[in-house]
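>>> Here you go, sequence then predicted model.
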Amino acid sequence: MSRPHAVILGAGPGMGLAVARRFARGGFDISLMARRRDALDRYVPAVRSRRGTVAGFVADAASEASITEAIGTAEAALGPCEVLVYNPAARISNPLADVTPEALVESFRVNVAGALAAARAVLPGMRERKRGTLLFTGGGLALRPLANFGALAIGKAGLRSLASSLALELQGTGVYVGSILIAGYVQGGTAFDPDRIAETYWRLHAERPAEHEVLFRG
């Protein structure tokens, strides 16, 4: 019997790897996706799976073509995507008045448009199978922006709207959409320990609560 397959787009030492480890413990094969191959070579061994497969695939969250190709390659290797986790974020830490419109648009490609591209890559199969989970890493900035992080706040607000809209549009299809708004700085050994937050991702997938959005306050 084949194992379910989780795609983690935006693998990294924070939430990406923590969520990957949680789903690996839950019996999933894992596809890690990041922009650089050398990073993936470090991340893949960091996700321990006793029985399953953990593989790395290069994907640029700013490019729809790159995302679509990477997900297609991953599904060909490990089977249909059962869970998609979208974790990338473009963090511009400048006053918004100093951010050019072009830079804002580029950050929006990563923070929001990439999430839509990833969802579009897996949704046809999920709809056909009438099951699947889409999980998006949001942030408290979507609700309360901070000075010097206006571009990221705009991106997280856009991602929140995207997730909410998809949740409404996919009702009754068997595809569940969840959004985790992390209202703090992710750091090991704190109230915002990534392994602790990863349990929320697992709960949304496993339990499919009626409330699609979780504000994680620590």
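Looks like it came in fine. None of the values given here were measured: they were computed from a predicted structure. Residues are numbered from 1 along each chain as shown.

>>> other SSEs contacting the helix or strand L204 falls within?
Counting by DSSP states H and E, the element that carries L204 is helix 194-207. For helix 194-207, the elements it packs on are helix 15-25, strand 132-139, strand 175-182, strand 213-216, judged by 3 or more Cβ pairs under 8 Å, 6 or more residues apart in numbering; DSSP states H and E. Heads up, the C-betas are built off the backbone N, CA and C, glycines and all.

>>> neighbouring contacts of the second one?
Right, strand 132-139. 10, 15, 19, 81-87, 89, 115, 119, 122-123, 125-126, 152-153, 156, 159-160, 162-163, 166, 174-183, 201, 204-205, 208, 213 (Cβ atoms under 8 Å, 6 or more residues apart in numbering).

>>> quick one, it and helix 15-25 angle?
Here strand 132-139 runs at an angle of 150 degrees relative to helix 15-25 (axes from the mean of the first three to the mean of the last three Cα atoms, to 10 degrees).

>>> Strand 132-139: what's the following helix or strand?
Using DSSP H and E, the helix or strand that directly follows strand 132-139 along the chain is helix 150-169.

>>> and the angle from that following helix to strand 175-182?
Helix 150-169 and strand 175-182 are oriented at 150 degrees to each other (the same axes, to 10 degrees).

>>> So for helix 150-169, what gets flagged as buried?
If you call a residue buried by 16 or more other Cβ atoms under 10 Å, then helix 150-169 has these buried ones: 150-160, 162-163, 166-167.

>>> what helices or strands is that helix leaning on?
Helices and strands touching helix 150-169, by 3+ Cβ pairs under 8 Å, 6+ apart, are helix 101-108, helix 114-129, strand 132-139, strand 175-182, strand 213-216.

>>> Go through the first one and flag the buried ones.
Read it as helix 101-108. Under the neighbour-count criterion of 16+ other Cβ under 10 Å, helix 101-108 has L104, E106, S107, F108 buried.

>>> Same list (those) but as CSV, adding distance to A70 and pLDDT.
Below are the buried residues of helix 101-108 laid out as CSV (distance: Cβ to Cβ, whole Å; pLDDT from 0 to 100):
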residue, distance to A70, pLDDT
L104, 25, 96
E106, 20, 96
S107, 21, 96
F108, 20, 96
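
>>> excluding its backbone neighbours, what's nearest L181?
Distances taken as Cβ to Cβ, 6 or more residues apart in numbering put G138 closest to L181, at 4.1 Å, once the chain neighbours are dropped.

>>> so how many other residues sit close to the one you found?
29 (other Cβ atoms under 10 Å).

>>> so how far is stretch 56-75 from its chain's centroid?
13 Å (Cα atoms, centre = their mean, to the nearest Å).

>>> With stretch 106-115 instead?
Between the centre of stretch 106-115 and the centre of its chain there are 12 Å (Cα atoms, centre = their mean).

>>> Please save the CA atoms from that stretch in PDB.
Extracted C-alpha coordinates of stretch 106-115, given in PDB (Å, rounded to 0.1, in the frame of the first residue of the first chain):
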ATOM      1  CA  GLU A 106       8.200  40.900  -6.500                       C
ATOM      2  CA  SER A 107       7.600  40.200  -2.900                       C
ATOM      3  CA  PHE A 108       3.900  39.700  -3.700                       C
ATOM      4  CA  ARG A 109       4.900  37.100  -6.200                       C
ATOM      5  CA  VAL A 110       6.500  35.000  -3.500                       C
ATOM      6  CA  ASN A 111       4.000  35.800  -0.600                       C
ATOM      7  CA  VAL A 112       0.800  35.300  -2.600                       C
ATOM      8  CA  ALA A 113       1.100  34.500  -6.300                       C
ATOM      9  CA  GLY A 114       3.400  31.500  -5.600                       C
ATOM     10  CA  ALA A 115       0.800  30.100  -3.200                       C
END
